[in-house]
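**Q** this one's structure only:
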C-alpha cells in the first residue's frame, strides 16, 4: 500500500532516480576516459546534494542537519566511486 507521503512526493523521487540513473549511465558510457568519468560522478553528487536541499527547502523543513546529511552521503558516495575507479 502506497502511503499519502509517497504519493505526494512521487515527482521528487522520480527526478532523483533520473539524476542518479543518468549519472551512472553516462559514467558507464565513458569507461575509457577516467577524467570524464570523475567529472560526471562529481556532477551527479552535486545534483544529488542540490536536489535534496531544494526538496527540503520547498517542503519548508530544511535545517543544517539535513544539509550536512546530504553533503556527507554525497561525500561517502564519491569516496566509494574513487576507491572503485582507482582499484
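**A** Great, that's in hand. Keep in mind it's a predicted model, so treat the numbers as computed, not measured. Numbering: from 1, shown residues only.

**Q** which ones are touching the most centrally placed residue in the chain?
**A** Residue closest to the mean C-alpha point of the chain, counted by CA atoms, centre = their mean, is residue 48 at 2.8 Å. By CB atoms under 8 Å, 6 or more residues apart in numbering, residue 48 lies in contact with 16, 19-20, 70, 73-74, 77. (Glycine included, C-beta is placed from N, CA and C.)

**Q** quick check: buried residues in the longest helix seen in the chain?
**A** If you go by DSSP state H, the chain has its longest helix at helix 34-58. For helix 34-58, burial by neighbour count (16 or more other CB atoms under 10 Å) applies to 37-38, 40-41, 44-45, 47-49, 51-52, 55-56.

**Q** can you redo those as JSON lines with distance to residue 4 and pLDDT?
**A** Listed next are the buried residues of helix 34-58 as JSON lines, based on distance: CB to CB, whole Å; pLDDT from 0 to 100:
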{"residue": "37", "distance to residue 4": "40", "pLDDT": "88"}
{"residue": "38", "distance to residue 4": "40", "pLDDT": "88"}
{"residue": "40", "distance to residue 4": "36", "pLDDT": "93"}
{"residue": "41", "distance to residue 4": "35", "pLDDT": "92"}
{"residue": "44", "distance to residue 4": "30", "pLDDT": "95"}
{"residue": "45", "distance to residue 4": "30", "pLDDT": "95"}
{"residue": "47", "distance to residue 4": "27", "pLDDT": "96"}
{"residue": "48", "distance to residue 4": "25", "pLDDT": "95"}
{"residue": "49", "distance to residue 4": "27", "pLDDT": "96"}
{"residue": "51", "distance to residue 4": "22", "pLDDT": "95"}
{"residue": "52", "distance to residue 4": "21", "pLDDT": "94"}
{"residue": "55", "distance to residue 4": "17", "pLDDT": "93"}
{"residue": "56", "distance to residue 4": "18", "pLDDT": "94"}
